[in-house]
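Peer 1: Sequence first, predicted coordinates after that:
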Amino acid sequence: MSLSSSGKTTSQPASAPVVLIVDDEETTVQSLTSLFADTGADVASVSSADDALKMLKDRPVLAVISEMHIGDTDGADLMATVAEQSPDALRIMLTAEQDAASVMKAINTGKTHLYLTKPWDDGELLSALDEKLRNQSLERRNRGLEEQLLKRNSDLAELNASLEKRVADRTEELRLHARLIEHAFSDLQKSYGHVLRLASSLAVLRDPKGIEIATLRAQMAASLAEASGLGSQDVNSIRDAALLADLGTIGLPDELLQKPFNQFDGDDTRLFSQSPVLAEAALMGIPGMRQTAAYLRHQYERYDGSGYPDNVAGDNIPLGSRIIAIVRDYSDILRGRFNGQELSKAKARAMMLNRLATRYDPGLLCVFCEQCGAFATEKLAADEARISVSELEPGMVLAGDLYSERGMILLTQGHELNDELIGKLRDLQICTGRELDVRVVREESGLLEAEA
């Protein structure tokens, strides 16, 4: 097919990534076209800089390969324009010139990623293109995962909506949430921890106490992992997995999640048993979270091999999964998820010890029972103070993550407040009619003196 009077392409689908060759030597064009024939890319060629720039406007381009001189146009100048119009495109300079001045101009002016002299190395060219394709695929998968999480949150809000007034109130509340989240979006891009907390809050959005329980569960898991002699990287992975233990329940019916485990029928069990697999699937495309995803998949395995989804037994169950099973069940027993009755810490430990032969790693459970009494209900640290939204002032720093009354994370620990954020928090509080629980770092003067 033809894209311009002086350009031509191979016959790949229109959606295929485009590799643009800018060269007036037919032998070079033919060689490169043949080289890229099996890559799945749509190879296009033009013989002038004007045609190249026109094609950049017509279709997204994956890579541009240019000769140093195209007619009266300097290839470095062309590459500089390509960098402005298509900054994501891979830029490769291919030339017979080997002088240092040409190389420096191609790099400094043209901002090229790769400078090759003729005859070129086919392997080096293909490797550069393959890396670009893989990076593009990863970016696409990550965007898809983010969109999926946001869509599931939106679907959840719609499922919970019933009365017209309730829908209107929630719409306004979500609008205010969106404005706050938009303000923190740049931090989300850089902060892995913030993204993790956001995913955790989405997973427990229907449980008013869910985020507190998830946070306590993560603390207990990290403590037990440290007591097991694991390094900081493994401890962090296990803490992350414990925080996201409920991730696979997104999309499960409210009726199922509100029913105690001992009241599950066969259909309930089959549906709930999908949750660890769904949790793994939600994380498998995120670089750096594969270990966390594996822990979530095996968190419902039992030490005797009677668990799910893979019926793994004993030490073949990942250590992180064995730890999560203990802290998850402990917190679930305390709040009545097992039999509908909230139990004391002593009774919860006794129930778990009675199941030692089937469910849990004996050594881990013994260590946990020795230390779990140290985990008390939330208590303000000496350097924190709880104040109302009306008392907030610009420059105050959050001493802990700030959540809405439904468990949606609004701002992360350490965030410094300004006039705009304080105004939005006040608007949100007016909209919902409920006080926000705000903890700020104490100042030597001001808060401490006011409490004296």
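Peer 2: Nice, I can see it. Numbering: from 1, shown residues only.
Peer 1: Show me what the helix or strand containing L94 pairs with in its sheet, parallel or antiparallel.
Peer 2: The secondary structure element spanning L94 is strand 90-95 (assigned by DSSP states H and E). As defined by DSSP bridges, the strand partners of strand 90-95 come to strand 61-66 (parallel), strand 114-117 (parallel).
Peer 1: and those strands, which one is worst for confidence?
Peer 2: Among the strands paired with strand 90-95, strand 114-117 carries the lowest mean pLDDT, at a mean of 80.
Peer 1: Buried residues in it, which are they?
Peer 2: Using 16 or more other Cβ atoms under 10 Å as the test for burial, strand 114-117 gives 114-116. In short, each C-beta sits where N, CA and C put it, glycine included.
Peer 1: quick one on the thing from earlier: how far does the strand holding L94 sit from the chain's center?
Peer 2: 34 Å (Cα atoms, centre = their mean, to the nearest Å).
Peer 1: Equivalent analysis for stretch 55-72, please.
Peer 2: That offset, for stretch 55-72, works out to 35 Å (Cα atoms, centre = their mean).
Peer 1: I'd like the strands paired with strand 90-95 laid out as TSV, including distance to E146.
Peer 2: Supplementary listing: those in TSV, determined by distance: least, Cβ to Cβ, whole Å:
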stretch	distance to E146
strand 61-66	22
strand 114-117	30
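Peer 1: For this protein, name the helix or strand with the lowest mean pLDDT.
Peer 2: Lowest mean confidence among the helices and strands of the chain (mean pLDDT, DSSP states H and E): helix 447-451, at a mean of 37.
Peer 1: by how many degrees do the lengthiest helix in the chain and strand 90-95 diverge?
Peer 2: Longest helix in the chain by number of residues (criterion: DSSP state H): helix 122-160. Here helix 122-160 points in a direction 170 degrees away from that of strand 90-95 (axes from the mean of the first three to the mean of the last three Cα atoms, to 10 degrees).
Peer 1: Give me the buried stretch members for helix 122-160, please.
Peer 2: Counting neighbours by 16+ other Cβ under 10 Å, helix 122-160 gives 125, 128-129, 132-133, 145, 149, 152-153, 156-157 as buried.
Peer 1: just stretch 68-84 next, same as before
Peer 2: 68-70, 73-76, 78-80, 82-83.
Peer 1: and the two most separated of these?
Peer 2: H69 and A83 (18.4 Å; Cβ to Cβ).
Peer 1: List the buried residues for the helix or strand encompassing R426?
Peer 2: Secondary-structure element containing R426, defined by DSSP H and E: helix 419-432. Within helix 419-432, the residues that qualify as buried are 421-422, 424-425, 427-429, 431-432, counting by 16+ other Cβ under 10 Å.
Peer 1: what is the mean pLDDT for whichever helix or strand comes after it?
Peer 2: Next helix or strand after helix 419-432 toward the C-terminus (DSSP H and E): strand 438-441. Taken as a whole, strand 438-441 has a mean pLDDT of 85.
Peer 1: Who are the packing partners of strand 438-441?
Peer 2: Contacts defined by 3 or more Cβ pairs under 8 Å, 6 or more residues apart in numbering; DSSP states H and E place strand 438-441 against strand 384-387.
Peer 1: Run through the residues that contact D315.
Peer 2: Residues in contact with D315 (Cβ atoms under 8 Å, 6 or more residues apart in numbering) are D361.
Peer 1: Hmm, I typed the wrong one, I wanted P276.
Peer 2: Counting by Cβ under 8 Å, 6+ apart, P276 has contacts 248, 296-300, 308-309.
Peer 1: What about these, which one has the most neighbours?
Peer 2: Highest neighbour count within the contacts of P276: L296, with 30 neighbours (other Cβ atoms under 10 Å).
Peer 1: Could I get the buried residue list for the helix or strand following the strand holding L94?
Peer 2: Next helix or strand after strand 90-95 toward the C-terminus (DSSP H and E): helix 100-108. Counting neighbours by 16+ other Cβ under 10 Å, one finds that the buried residues in helix 100-108 are 102-103, 105-107.
Peer 1: Name the residues that touch helix 100-108?
Peer 2: Residues contacting helix 100-108 (Cβ under 8 Å, 6+ apart): 68, 74-76, 79, 93, 95, 112, 115.
Peer 1: rerun at 6 Å
Peer 2: 68, 76, 93, 112, 115 (Cβ atoms under 6 Å, 6 or more residues apart in numbering).
Peer 1: How about stretch 291-310?
Peer 2: Against stretch 291-310 from outside (Cβ under 6 Å, 6+ apart): 237, 240-241, 273, 276-277, 279-280, 283-284, 311-313, 317-318, 320-321, 324-325, 358-361.
Peer 1: Mind doing that once more with 8 Å?
Peer 2: For stretch 291-310, using Cβ under 8 Å, 6+ apart, the contacting residues are 237-238, 240-241, 244-245, 247-248, 273, 275-277, 279-280, 282-284, 286, 311-314, 317-318, 320-322, 324-325, 328, 357-362.
Peer 1: Take the residues you listed and keep only those in helices.
Peer 2: 237-238, 240-241, 275-277, 279-280, 282-283, 320-322, 324-325, 328, 362.
Peer 1: Just the buried ones from those?
Peer 2: 237-238, 240-241, 275-277, 279-280, 282-283, 320-322, 324-325, 328.
Peer 1: which stretches of the stretch 251-400 of the chain aren't confidently modelled?
Peer 2: For the stretch 251-400 of the chain, the stretches with pLDDT under 70 are 372-384.
Peer 1: So the protein: which segments form each domain?
Peer 2: Under the assignment automatic domain parsing, the domains of the chain span 8-134, 165-190+380-452, 195-374.
Peer 1: Serialize the ones you listed to TSV and add fields for distance to R141.
Peer 2: Below are these laid out as TSV (distance: least, Cβ to Cβ, whole Å):
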stretch	distance to R141
domain 8-134	11
domain 165-190+380-452	16
domain 195-374	4
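Peer 1: between the ones you listed, which one is nearest to R140?
Peer 2: It is, among the domains of the chain and with distance given as Cβ to Cβ, domain 195-374, at 9.7 Å.
Peer 1: From the chain's centroid, how far away is the closest one?
Peer 2: 20 Å.
Peer 1: what's the answer for stretch 397-414, then?
Peer 2: 18 Å.
Peer 1: Just the endpoints, please. Distance across it?
Peer 2: Using Cα to Cα, to the nearest Å, the gap from the first to the last residue of stretch 397-414 comes to 6 Å.
Peer 1: now stretch 399-418
Peer 2: Length of stretch 399-418, first residue to last, Cα to Cα: 15 Å.
Peer 1: same check, this time on stretch 49-65
Peer 2: 12 Å.
Peer 1: Would you indicate which residues of it are buried?
Peer 2: For stretch 49-65, by 16+ other Cβ under 10 Å, it's 49, 51-53, 55-56, 59, 61-65.
Peer 1: now A80: how far from R322?
Peer 2: 57 Å (Cβ to Cβ, to the nearest Å).
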